[in-house]
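Enquirer: Dropping a prediction and its sequence here:
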Amino acid sequence: MKHPYDICIRGGGIVGHTLALLLARERLNVGLVTHRPAAHGPDVRAYALNAKSKTLLASVRCWPDAQHATAVTQMQVLGDDGGVVNFSANDLAVDALTWIVDVPLLEARLAEAVRYQPQIEVIDHPMPATLTVVCEGKSSRTRDELGVAFDVAHYPQRAIAARLTTELAHGQTARQWFTEGEILAFLPLDGEHGHTVGIVWSVKESRVQSLLDASTEDFCQELAQVSGHCLGGLQLASERVAWPLMASQASRWIGTAPDGTTWALAGDAAHAVHPLAGQGLNLGLGDVAELARILQTRAAWRPVNDPKLMRQYERTRRAEVSAAALAMDGLQQLFSKSSPTWQALRNWGMNGFERSGLAKQWAARYAMGL
Ligand SMILES: Cc1cc2nc3c(=O)[nH]c(=O)nc-3n(C[C@H](O)[C@H](O)[C@H](O)COP(=O)(O)OP(=O)(O)OC[C@H]3O[C@@H](n4cnc5c(N)ncnc54)[C@H](O)[C@@H]3O)c2cc1C
């Protein structure tokens, strides 16, 4: 029986929208199931997106302008006992190490592009299709209904995200501090000369509520202290939102539903990683780029749910995601150990890494998706 859609994408986040646009370009008929999330303010997060994600989003004409995708030319990572690692776009001969993207703006651009794409129909409930791709995020209901295990390891921390205006310009520098098992990141926003940073502050569970309830002055004072007052006076420019932190990977990425439909998972529905290196969405976009590539280059006689193609998708993406998740978890564990021996060791390691030349260059290029 011919289905109304070649592909039904469940979940209208950044990953789902991007996949819809990539597949529509291949003249496939796409149904995109979105549902209105519970009313809350705009997402205050700012995502660090790498060169690979930039190229992908630019290919569907959704990459934001320079004001809303700030190029990061310097990156500084500071340990809790004198360890420092610096990265510079100049040293690596690239335009930028990463770009800090305004999330609501990127979402708006994707939604608009989908509206003007006749191959895509936005629908409010799932419809039969040759292939269903589940992009519903880490709490995906469809994944659970399909009986796919998603064993979650919760970190004993939450990430507080907010925006700050800063007295001094950020100078296109991203900064990250590791302090007593907690991690604070300042991500430059509002373009080259901006005075705004997005923060992601992974703090111990026991401190989350008091930091959310603190007066804006006390909150900024604490941030200024952890960041060594590097950007002068700080002012809170948004609400504070806390996100749970977890690591997980689906037990299966592809399969056949009881009704015979072929399905695949992508994005956070397939994997969740600690945000300390800003890789979650980069990995999700990597999933949909690979799936679209496999479908685009398939032999004309193979249907979009061909088992060989599906297995190829799972194999390729699982390998990359597992490696990234392991690295993220290892770093988180390394910096959560409180004994002086571990502290000395990790800071010594950071300084050794800083001087390591090729290893540092390799790690930077890997994080950049090059
Ligand atoms: C604090 C923090 C900072 C982060 N920073 C970065 C960063 O700097 N760089 C980076 O690459 N990543 C970062 N991430 C990770 C990033 O947020 C996720 O990887 C990304 O949002 C995953 O996108 P997604 O589309 O797969 O899922 P989601 O963003 O969760 O989107 C899923 C969508 O599906 C919809 N949906 C759910 N259920 C259904 C249903 N049943 N039917 C229809 N629709 C449904 C939801 O409403 C939502 O719109 C960060 C994460 C956190 C928590």
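Expert: Good, I have the coordinates. Residues are numbered from 1 along each chain as shown.
Enquirer: Would you map the helices across the stretch 251-370 of the chain?
Expert: Assigned by DSSP state H, counting those that start in this stretch, the stretch 251-370 of the chain shows helices spanning 280-296, 307-336, 340-354, 358-367.
Enquirer: looking at the ones you listed, which is closest to Ile14?
Expert: Ile14 lies closest to helix 280-296 among the helices of the stretch 251-370 of the chain, at 6.2 Å (C-beta to C-beta). For every residue, glycine as well, the C-beta is placed using N, CA and C.
Enquirer: Output the contacting helices and strands for that closest one.
Expert: helix 14-25, strand 46-49, helix 51-59, strand 271-272, helix 307-336 (3 or more C-beta pairs under 8 Å, 6 or more residues apart in numbering; DSSP states H and E).
Enquirer: re earlier: mind giving me CSV with the helices of the stretch 251-370 of the chain and columns for distance to His170, mean pLDDT and mean neighbour count?
Expert: Output for those, formatted as CSV (distance: least, C-beta to C-beta, whole Å; pLDDT from 0 to 100; neighbours: other C-beta atoms under 10 Å):
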stretch, distance to His170, mean pLDDT, mean neighbour count
helix 280-296, 21, 97, 22
helix 307-336, 23, 86, 16
helix 340-354, 22, 74, 15
helix 358-367, 20, 73, 14
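Enquirer: coming back round to it: can I get the helices and strands packed on helix 280-296 in JSON lines including distance to the ligand?
Expert: Formatted as JSON lines, the helices and strands packed on helix 280-296 follow (distance: least, C-beta to the nearest ligand atom, whole Å):
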{"stretch": "helix 14-25", "distance to the ligand": "3"}
{"stretch": "strand 46-49", "distance to the ligand": "4"}
{"stretch": "helix 51-59", "distance to the ligand": "7"}
{"stretch": "strand 271-272", "distance to the ligand": "7"}
{"stretch": "helix 307-336", "distance to the ligand": "10"}
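Enquirer: what about those, which gets the closest to Asp6?
Expert: Closest to Asp6 of these, according to C-beta to C-beta: helix 14-25, at 7.6 Å.
Enquirer: Please produce CSV containing the helices and strands packed on helix 280-296, extended by distance to Ala185.
Expert: Listed next are these as CSV, based on distance: least, C-beta to C-beta, whole Å:
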stretch, distance to Ala185
helix 14-25, 19
strand 46-49, 8
helix 51-59, 18
strand 271-272, 18
helix 307-336, 13
